[in-house]
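Enquirer: sequence and predicted structure are below.
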Amino acid sequence: MTIEYVDLKKEMTVKEAIQHIKRTGVDRETINTCYVINNNRKLEGVISIRKLILSDETEIIKDILNDDVISIKTTDDQENIAQLFKKYDLTAMPVVDNENRLVGIITVDDIVDIIEQENTEDLQKMAAMQPSEEEYLKTGVFKLAGHRITWLLVLMISATFTGNIIKRFEDVLQSVVILTAFIPMLMDTGGNAGSQSSTLIIRGLALGEIEMKDVFKVIWKELRVSIVVGLTLAVVNFLRIYYLENVDVMVSLTVCLTLFMTVVLAKVVGGLLPIAAKSVKLDPAIMASPLITTIVDAFALVIYFRMATLFIGL
């Protein structure tokens, strides 16, 4: 915030207020909006320079000020403040303490910087990196590595669950070796499907378009979307592997049904996890592509081998 603002008293006339602005406004951050305070600096209202210019010089400020003031506290989070600027289309906002005393203002040019900073932070979290405010070319190699290696270690260790699942169903793979060829496709498609949903939900949460109370609406919508997407992918894939690659019909059905179920699961999980993260006061951005992919991969393999056992009779 800045303390360079124009303050007025409600006992002033419009003429006195304009004269005061001329004397003090040169060094102020903005004069477009003036703030009316009492002797204890408590915020009583706001008035625009336009309102002053268009009003009669003899009018009293208290009769024309706007006392419905949108203000923020000194302890408010900058991301929430940026959302308020967007919601109310403001160019400046007063900052008050716990006793409603005016201590400064925030202007929209500062908010633009905050939005850029918050977006950069979210992108870094979504890519499984520790956020950093330093410029890329000015950051040391070891520091960059440190920002990345923590999440990579977590994801690498969590991926061992996927390996354990494959080991558990090793007999199935040995009996029908061709099943192995479709594992990358199933895992990649599931991860991509989950990433699409999580990206949309994370962005919706950031913009305030989605709230915690919308969780069931999100699940219902993602479920319907996933059914349409999953059916389309499964049908196209069945035609490809059965007619073009001449794969056994039961193997083709196993692969395609697994693909359908994986897409449905991935999109629902991808839509649900960011909301769940926000509900426990975590940044939804951490529930992005890398983490969603790791979770979906494990479930996709379990579904795949269970379907193979069921349809192929292994």
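Expert: Yes, it's here.
Enquirer: only C-alpha atoms from now on, for both contacts and neighbour counts.
Expert: Will do.
Enquirer: surely residue 59 and residue 17 touch.
Expert: No. Using CA atoms under 8 Å, residue 59 makes no contact with residue 17, being 10.3 Å away.
Enquirer: ok, those two, which is more surrounded?
Expert: Between residue 59 and residue 17, counting by other CA atoms under 10 Å, residue 17 is the more crowded of the two (23 against 15).
Enquirer: for the more buried one, list the residues it contacts.
Expert: Shown in contact with residue 17 (CA atoms under 8 Å, 6 or more residues apart in numbering): 8, 52, 61.
Enquirer: let's see it at 7 Å
Expert: Shown in contact with residue 17 (CA atoms under 7 Å, 6 or more residues apart in numbering): residue 8.
Enquirer: what's the answer for residue 210, then?
Expert: By CA under 7 Å, 6+ apart, the neighbours of residue 210 are residue 204.
Enquirer: hmm, try it at 10 Å
Expert: Going by CA atoms under 10 Å, 6 or more residues apart in numbering, residue 210 touches 200, 201, 202, 203, 204, 217, 218, 275.
Enquirer: return the distance of the helix or strand containing the fifth one from the chain's centre.
Expert: With elements taken from DSSP states H and E, the one containing residue 204 is helix 183-207. On the basis of CA atoms, centre = their mean, to the nearest Å, helix 183-207 is displaced by 13 Å from the centre of the chain it belongs to.
Enquirer: what sits up against stretch 80-87?
Expert: 70-73, 78, 89-93, 106-108, 110-115, 118, 206-208.
Enquirer: buried residues, that stretch. List them.
Expert: Buried residues in stretch 80-87, counting neighbours by 16 or more other CA atoms under 10 Å, are found at 81, 82, 83, 84, 85.
Enquirer: so which of those residues belong to strands?
Expert: Using DSSP state E, no member of these sits in strands.
Enquirer: any idea which of these is least confident?
Expert: Across these, the smallest pLDDT goes to residue 83, namely 83.
Enquirer: what about it, distance to residue 89?
Expert: Separation of residue 83 from residue 89 (CA to CA, to the nearest Å) stands at 10 Å.
Enquirer: buried ones among the contacts of stretch 80-87?
Expert: 71-73, 91-93, 106-108, 111, 114-115, 118, 206.
Enquirer: thought residue 194 was touching residue 263?
Expert: Yes. Counting by CA atoms under 10 Å, residue 194 does reach residue 263; the two are 7.5 Å apart.
Enquirer: spit out the residues that contact these two alike.
Expert: 226, 269, 296.
Enquirer: most surrounded residue in those?
Expert: residue 296 (28 neighbours).
Enquirer: next, residue 24: secondary structure please.
Expert: Under DSSP: H, G, I helix; E, B strand; the rest coil, residue 24 falls in the helix class.
Enquirer: and residue 8, how many neighbours?
Expert: Based on other CA under 10 Å, the number of other residues close to residue 8 is 21.
Enquirer: quick one: it from residue 41, how far?
Expert: 10 Å.
Enquirer: swap in residue 211?
Expert: 36 Å.
Enquirer: quick one: the helix or strand where residue 253 lies to helix 183-207, angle?
Expert: Using DSSP H and E, residue 253 falls within helix 249-279. Here the directions of helix 249-279 and helix 183-207 differ by 30 degrees (axes from the mean of the first three to the mean of the last three CA atoms, to 10 degrees).
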